[in-house]
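Enquirer: can you look at this prediction? I've put the sequence above it.
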Amino acid sequence: AFYFLGETAEEYFCPVVRTLTRELNLAPSTAGVTLLALGNGAPDVFSSLAAFLGPGDSKIGLGAIVSAGSFVAGFVVGSVALAASPFTVDRVPFLRD
């Protein structure tokens with residue numbers, strides 16, 4: 001399963017990121033923290049927009065956005081902080097990113 005995911009990303013996603021990086025004149029680190037994050041979150045954003053703007057109850061779309069944000073902020077970030085502690089954070093890259 002991971003092989004197909006990697007091959008698909010290499011074939012379709014990476015060329016687009018390289019082209020956007022070149023066209024927008026972005027540094028590789030900037031492209032990594034913006035374009036890759038956008039590509040990672042785009043399916044969630046568009047499915048939530050479809051649920052929010054589509055026919056039916058728009059509370060489902062709003063609930064999906066709020067619950068996903070709460071999960072990432074609470075569980076994922078907390079788990080990473082617990083697993084990686086104790087650690088130090090460089091001030092300049094942290095504030096920049």
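Expert: Sure, I can see it.

Enquirer: every contact and neighbour count from this point should use C-alpha atoms.
Expert: OK.

Enquirer: where in this protein is the helix or strand with the lowest mean pLDDT?
Expert: Least confident helix or strand of the chain, by mean pLDDT, DSSP states H and E, is helix 59-71 with a mean of 75.

Enquirer: what helices or strands is that one leaning on?
Expert: In terms of contacts (3 or more C-alpha pairs under 8 Å, 6 or more residues apart in numbering; DSSP states H and E), helix 59-71 is packed against helix 28-53.

Enquirer: the helix it packs on to helix 59-71, inter-axis angle?
Expert: 150 degrees (axes from the mean of the first three to the mean of the last three C-alpha atoms, to 10 degrees).

Enquirer: tell me the phi and psi of D90?
Expert: Backbone torsions of D90, given as degrees, to the nearest 10, read phi -70, psi 130.

Enquirer: got it, and V89?
Expert: Backbone torsions of V89, given as degrees, to the nearest 10, read phi -120, psi 130.

Enquirer: pLDDT value on the most centrally placed residue in the chain, please?
Expert: The centre of the chain sits closest to A37, judged by C-alpha atoms, centre = their mean, with a distance of 3.4 Å. Note on A37: pLDDT of 82.

Enquirer: check L5 too.
Expert: 84.

Enquirer: so is it in a helix, a strand, or just coil?
Expert: Taking DSSP: H, G, I helix; E, B strand; the rest coil as the rule, one finds L5 in the helix state.

Enquirer: so what's the residue count around it?
Expert: 10 (other C-alpha atoms under 10 Å).

Enquirer: R18 too?
Expert: Neighbours of R18 using other C-alpha under 10 Å come to 15.

Enquirer: again, but for F52
Expert: 19.

Enquirer: where are the low-confidence patches of this structure?
Expert: 57-58, 61, 97 (pLDDT under 70).

Enquirer: just to revisit the earlier point, need the contact partners of the least confident helix or strand of the chain.
Expert: 45, 48-53 (C-alpha atoms under 8 Å, 6 or more residues apart in numbering).

Enquirer: okay, which residue of this structure is out on the far edge from center?
Expert: The chain, farthest from centre, C-alpha atoms, centre = their mean: G56 at 27.4 Å.
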